[in-house]
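What follows is a predicted protein model with its sequence.
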Amino acid sequence: MTQTDFDIAIIGSGISGSALGAILARHGQRVVIFEARSHPRFAIGESLILETSEMMRALAHFYDVPELAYFSTENFMAYAGTTHGIKRHFGFLHHEKGQPQNPAHTLQAIIPKEPHGHELHLYRQDTDYFMMSTAVSYGAEVRQNTAVQDVQIHEDHVTIFPAKGEPVTAKYVVDAGGFRSVLAQKFGERDFNLQTHSRGMFTHMINVPGHARANQIQSDYDLPFPMAEGTLHHIFEGGWLWVIPFDNHAESTNPLCSVGLLLDPRIHPPRPDLSPEEEFFQLYSAVSQHCQTV
Ligand SMILES: Cc1cc2nc3c(=O)[nH]c(=O)nc-3n(C[C@H](O)[C@H](O)[C@H](O)COP(=O)(O)OP(=O)(O)OC[C@H]3O[C@@H](n4cnc5c(N)ncnc54)[C@H](O)[C@@H]3O)c2cc1C
């Protein structure tokens, strides 16, 4: 068996690579994590579903890494901080051109009262940084600002080629690099026949004027919760817009709100003549002219 520098090399220190690194290091494995960027860094994937929360609880229990459960509803305020939003529902408002918003085209799929009553809007720059720090605290070595450029697979080990520094050997490699996966590219594992008709633009905003209108919708439509206390989806012809506030509870210390627009390019073709910001506001004002509730 070849002597290697590490047992496991992980590419990417997002929430998945870092959680895995924490578990493996906790159980005595020699772990190195490569990260192309540096923390804290912008990431999306903010609206938790019940299953994710439950999975984190289960992993925390099975692998004796309590920090994995810090993002669960019952723990986040005490352990993960006040920058995350709460999510009491998945809310949907359907808009039709030239028509007032129809209450019958509104849905609020609520998080059950038991056991915890709400899920979370994860502020990923904090959760991912925390998870990477947890991996470090259990003994993982993290190399930030160090992109992996290539991986060579040998019979009983792998060699990692980072953009800077010497090549590193490990018994195993895990690619948690997300959509830029080095291994998927190297082995041609991306199936472009599965591409969808969608394009997206997203950012974090401040002063999103959601709350007053959200409360009004709740009382007008007799909904269980204000729309601002959950993940709100505005649906319209050829697209939808997500609104994921982090500032939607009394203890929040984060003024940001995640806003993202997903479009069908057959109906809303790309506009290379505009910046994403210009295109966003142009579409926003076109849609809001026709819809009374945006
Ligand atoms: C538009 C959109 C909306 C979404 N909304 C939700 C949602 O509401 N809820 C939800 O649960 N999920 C959502 N997701 C999915 C979610 O974003 C991902 O599942 C999640 O972020 C994956 O986390 P990860 O740690 O695997 O990858 P990432 O968070 O992408 O982390 C990968 C890391 O690897 C690093 N990396 C990449 N290549 C290299 C390299 N060569 N060398 C070193 N480092 C490298 C990157 O810098 C990055 O830090 C959404 C996804 C999209 C695209």
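That came in fine, so what should we check first? Keep in mind it's a predicted model, so treat the numbers as computed, not measured.

I would like the residues contacting the one helix or strand in the chain whose mean pLDDT sits lowest, please.
When each helix and strand of the chain is scored by mean pLDDT, DSSP states H and E, helix 211-221 comes last, with a mean of 78. The list of residues contacting helix 211-221 from outside it, by C-beta atoms under 8 Å, 6 or more residues apart in numbering, reads 93, 103, 106, 223-229, 232, 248, 293. Backbone N, C-alpha and C define where each C-beta goes, glycine included.

Centroid-nearest residue for this structure?
With distances taken as C-alpha atoms, centre = their mean, the residue of the chain nearest its centroid is residue 45 (1.5 Å).

Contacts only, for the residue in the stretch 51-200 of the chain that the ligand sits nearest to.
Going by C-beta to the nearest ligand atom, the ligand is nearest to residue 178 of the stretch 51-200 of the chain, at 2.8 Å. Taking C-beta under 8 Å, 6+ apart, we find residue 178 in contact with 12, 14.

ok, it to residue 53 distance?
21 Å (C-beta to C-beta, to the nearest Å).

cool, residue 177 as well?
Taking C-beta to C-beta, one finds residue 177 at 24 Å from residue 53.

one step back: once you drop chain neighbours, what's closest to the residue nearest to the centre of the chain?
In this structure, residue 45 finds its nearest non-sequential neighbour in residue 124, 6.3 Å apart by C-beta to C-beta, 6 or more residues apart in numbering.

Ok, residue 43 next?
residue 124 (3.9 Å).

what does this structure put close to the ligand?
11-17, 34-37, 43-47, 52, 147-148, 176-178, 180, 182, 200, 260 (C-beta under 6 Å from any ligand atom).

can you tell me which of those residues are in strands?
Within the residues of the chain next to the ligand, residues falling in strands by DSSP state E are 11, 34, 148, 200, 260.

who's in contact with the closest residue to the last one other than its chain neighbours?
Which is residue 260. Nearest residue to residue 260, sequence neighbours excluded (C-beta to C-beta, 6+ apart): residue 202, at 3.3 Å. Residues near residue 202 by C-beta under 8 Å, 6+ apart: 44, 242, 258-261.

Relative to residue 120, how far out is the residue of the stretch 51-200 of the chain closest to the ligand?
20 Å.

got it, and residue 106?
23 Å.

Neighbour count for those two, which is higher?
residue 120 (23 against 17; other C-beta atoms under 10 Å).

residue boundaries of the strands in the stretch 51-200 of the chain?
Counting by DSSP state E, counting those that start in this stretch, the stretch 51-200 of the chain has strands at residues 85-87, 89-94, 106-110, 119-121, 141-143, 148-153, 158-162, 168-175, 199-205.

would you turn those strands into a markdown table with mean pLDDT?
Below are those laid out as a markdown table (pLDDT from 0 to 100):
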| stretch | mean pLDDT |
| --- | --- |
| strand 85-87 | 95 |
| strand 89-94 | 94 |
| strand 106-110 | 94 |
| strand 119-121 | 94 |
| strand 141-143 | 98 |
| strand 148-153 | 98 |
| strand 158-162 | 98 |
| strand 168-175 | 98 |
| strand 199-205 | 96 |
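
before we move on, the earlier item: what's the ChimeraX line that selects buried ones from the ones in strands among the residues of the chain next to the ligand?
Buried residues within those, by 16 or more other C-beta atoms under 10 Å, are selected in ChimeraX with:
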select :11,34,148,260
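
got the buried residues for the least confident helix or strand of the chain?
Neighbour-count burial for helix 211-221 [16+ other C-beta under 10 Å]: 214, 217-218, 221.

Stretch 15-32 too?
Applying 16+ other C-beta under 10 Å to stretch 15-32 flags 15-26, 29-32 as buried.

Out of the residues you listed, which is nearest to residue 282?
If you rank the buried residues of stretch 15-32 by distance to residue 282 using C-beta to C-beta, residue 15 comes first, at 33.3 Å.

if we can go back for a sec, could you pick out which of the buried residues of stretch 15-32 are located in strands?
Reading strands off the buried residues of stretch 15-32 with DSSP E, I get 31-32.

Between which two of the buried residues of stretch 15-32 is the distance greatest?
15 and 30 (21.9 Å).

how close does the residue nearest to residue 184 when sequence neighbours are not counted sit to residue 126?
Among residues not flanking residue 184 along the chain, residue 190 sits closest, at 5.4 Å (C-beta to C-beta, 6+ apart). When distance is defined by C-beta to C-beta, residue 190 is 30 Å away from residue 126.
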